[in-house]
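> sequence and predicted structure below; questions after.
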Amino acid sequence: MRMTDTEGKIYVAGHRGLVGSALMRALKRSGCEHRLCFTPHSETDLRDPQAVERFFEREKPAYVLLAAAKVGGIGANSRKPAEFIRDNLLIETNVIDAAYRHGVQKLLFLGSSCIYPRMAPQPIPESALLTGPLEPTNSAYALAKIAGIELCRSYRKQYGFNAISVMPTNLYGPGDNFDLEGGHVLPTLIRRFDEAKRKGLPSVTLWGTGRAIREFLHVDDMADACLFLMDHYDGDEPCNIGTGEEVTIADLAERIRKVVDTPCTILWDHSKPDGTPRKVVDCSKLLSLGFRVKLSLDEGLRSTYAWYDQHRDSLRGI
């Protein structure tokens with residue numbers, strides 16, 4: 001039975017974050033607004049098993065989209081690995097276990113493409129999982145996400161619980177974290193170039209060499225893909241979500257500089273890490289099911305900067 005065709009409650013864990021808020025928008029577009037259930041973080045800390053238990057007992061959701069996570073860029077992952085592995089392990093363990101015990105019909109776990117080995121074959125197929133060493137700069141976070149995948153597999157195998165895992169590529173869009181210390185590369189580049197424009201700075205210095213290759217997916221395309229997979233996928237293996245369009249960080253920076261419309265020069269600090277040399281996911285499985293993304297990278301950059309420009313003064317980390 002398809003989630004979007006039934007009347008059971010839908011719980012979006014982490015509904016205020018980048019991913020969770022996009023899922024909320026997608027569910028509202030699908031006519032499911034009246035079925036949503038969620039609670040403020042101040043009332044339900046998902047790291048607390050008793051708080052999670054009380055929530056599931058009270059709300060009794062039929063479907064769960066597990067988007068809650070502690071996330072951050074290379075800098076944050078390098079400085080706080082214990083927090084990244086601890087908090088994410090607690091969140092996913094508590095929510096997946098409570099969902100099973102309270103009779104949830106289907107759960108979707110949001111992983112990350114950083115679960116794959118640093119030198120995985122490109123584009124990265126789902127079968128590359130656990131075939132080599134992880135990228136050291138975010139291995140703690142990646143291991144927590146791998147544990148979430150195994151939780152879903154294990155609860156499916158032992159209890160018959162319908163839990164699926166999806167692995168989106170690098171995400172961006174409205175509601176992102178533009179904090180220079182804790183944010184991912186794309187939103188921090190938007191903020192750096194916007195500040196250069198407003199302050200009249202002659203140059204912006206960025207980490208690494210600019211040669212690392214990435215793939216970026218607008219968060220609204222990701223949310224649509226998640227709802228599609230809740231209705232069309234019940235497999236044991238993870239399913240990648242991406243665009244197939246790759247770009248170097250240097251090219252991304254130049255595109256963002258043009259969108260922001262600042263004449264500043266881009267400099268590169270080669271003493272800083274690039275992270276994984278290349279990371280593009282193989283989306284053959286998703287494509288075979290019939291899903292296609294809608295937004296190009298350039299369209300997404302323009303709309304994301306427009307959103308940032310409108311909300312700049314109220315954003316976290318600004």
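Yep, it's here. Numbers count the residues shown, from 1 in each chain.
> strands along the stretch 101-250 of the chain, start to end?
With DSSP state E, counting those that start in this stretch, the ranges of strands along the stretch 101-250 of the chain come out as 106-110, 163-168, 170-172, 203-207, 213-218, 239-241, 246-248.
> next, format those strands as TSV and append mean neighbour count and distance to residue 186.
Just so you know, the C-beta spots here come from the backbone N, C-alpha and C atoms, and that holds for glycine as well. Output for the strands of the stretch 101-250 of the chain, formatted as TSV (neighbours: other CB atoms under 10 Å; distance: least, CB to CB, whole Å):
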stretch	mean neighbour count	distance to residue 186
strand 106-110	24	18
strand 163-168	24	13
strand 170-172	22	4
strand 203-207	15	12
strand 213-218	22	6
strand 239-241	26	16
strand 246-248	17	10
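> same list, these, but as TSV with mean pLDDT please.
Output for the strands of the stretch 101-250 of the chain, formatted as TSV (pLDDT from 0 to 100):
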stretch	mean pLDDT
strand 106-110	98
strand 163-168	98
strand 170-172	95
strand 203-207	96
strand 213-218	96
strand 239-241	98
strand 246-248	96
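> worst-scoring helix or strand of this structure, pLDDT-wise?
Within the chain, no helix or strand scores below helix 74-79, which has a mean of 82 by mean pLDDT, DSSP states H and E.
> mind listing what's buried along it?
Residues of helix 74-79 classed as buried: 74-77 (neighbour count, 16 or more other CB atoms under 10 Å).
> distance to residue 269 added to the strands of the stretch 101-250 of the chain, as TSV?
As requested, the strands of the stretch 101-250 of the chain are exported to TSV (distance: least, CB to CB, whole Å):
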stretch	distance to residue 269
strand 106-110	32
strand 163-168	28
strand 170-172	21
strand 203-207	5
strand 213-218	18
strand 239-241	31
strand 246-248	16
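> and residue 130, which of these is closest to it?
For those, distance to residue 130 was read as CB to CB. The smallest value, 13.0 Å, belongs to strand 163-168.
> what packs against the strand or helix carrying residue 96?
Using DSSP states H and E, residue 96 sits in helix 81-101. If you count contacts as 3 or more CB pairs under 8 Å, 6 or more residues apart in numbering; DSSP states H and E, helix 81-101 packs onto helix 49-59, strand 63-66, strand 106-110, helix 139-159, strand 163-168.
> would you turn those into a markdown table with distance to residue 225?
Output for those, formatted as a markdown table (distance: least, CB to CB, whole Å):
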| stretch | distance to residue 225 |
| --- | --- |
| helix 49-59 | 25 |
| strand 63-66 | 12 |
| strand 106-110 | 10 |
| helix 139-159 | 17 |
| strand 163-168 | 7 |
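> low-scoring pLDDT stretches of this structure, where are they?
Per-residue confidence for the chain (pLDDT under 70) gives these ranges: 1, 40-42, 182, 316-318.
> one more pass at 50, please.
Low-confidence regions of the chain, defined here as pLDDT under 50, cover residues 317-318.
> where's the nearest residue to residue 282 once chain neighbours are set aside relative to residue 203, distance?
Closest residue to residue 282 apart from its sequence neighbours, by CB to CB, 6 or more residues apart in numbering: residue 123 at 3.9 Å. Counting by CB to CB, to the nearest Å, the gap between residue 123 and residue 203 amounts to 34 Å.
> tell me which of the helices and strands packed on helix 81-101 sits most buried.
Burial of these is given as mean neighbour count (mean count of other CB atoms under 10 Å); strand 63-66 ranks first at a mean of 26.
> how about the CA coordinates for it, as PDB?
Below are the C-alpha coordinates for strand 63-66, written out as PDB (Å, rounded to 0.1, in the frame of the first residue of the first chain):
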ATOM      1  CA  TYR A  63       5.000   6.100   8.500                       C
ATOM      2  CA  VAL A  64       8.300   7.500   9.500                       C
ATOM      3  CA  LEU A  65      10.800   9.600   7.500                       C
ATOM      4  CA  LEU A  66      14.000   9.700   9.600                       C
END
